[in-house]
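Participant: This is a predicted model, with the sequence first.
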Amino acid sequence: MSAVGYRPHPSPSHRRAGLCEVTSGGRAPLRWMWAARAQWALRISEGLDPERLGLARGTLAQPDLRTSEGLESELP
């Protein structure tokens, strides 16, 4: 798998979702993806009200915060 830019590893905290290590062959494509994502984010957020954008980011972060606080144990 290292030929495609990453090497899989088991995750100590999750049975099914493994971890991936970026190899030297994967660093350049990863940097390209980060740069492309940054340009995309700038394009789609152009002209948006920064205050409303901040409120939306806070709202979207709530499920992550709740999950990281251990509330996932309350799910059926």
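Facilitator: Yep, it's here.

Participant: since we're on the residue lying closest to G26 once chain neighbours are set aside, how many residues are nearby?
Facilitator: Nearest residue to G26, sequence neighbours excluded (C-beta to C-beta, 6 or more residues apart in numbering): G5, at 2.5 Å. For the C-beta atoms, the positions are set from N, CA and C on the backbone; glycine is no exception. By the criterion of other C-beta atoms under 10 Å, G5 has 17 neighbours.

Participant: any idea how far G5 is from S11?
Facilitator: G5 sits 19 Å away from S11, going by C-beta to C-beta, to the nearest Å.

Participant: now swap in A38 and tell me
Facilitator: To S11, A38 is 28 Å away according to C-beta to C-beta.

Participant: Over to R57?
Facilitator: Distance of R57 to S11, given as C-beta to C-beta: 27 Å.

Participant: neighbour count winner among these two?
Facilitator: S11 (12 against 9).

Participant: Wait, that one touches E21, no?
Facilitator: No. With contacts counted by C-beta atoms under 8 Å, S11 stays clear of E21, the gap being 11.8 Å.

Participant: returning to that earlier point: show me the contacts for the residue nearest to G26.
Facilitator: Going by C-beta atoms under 8 Å, 6 or more residues apart in numbering, G5 touches V22, T23, G25, G26, R27, P29, L30.

Participant: All good on my end, thank you.
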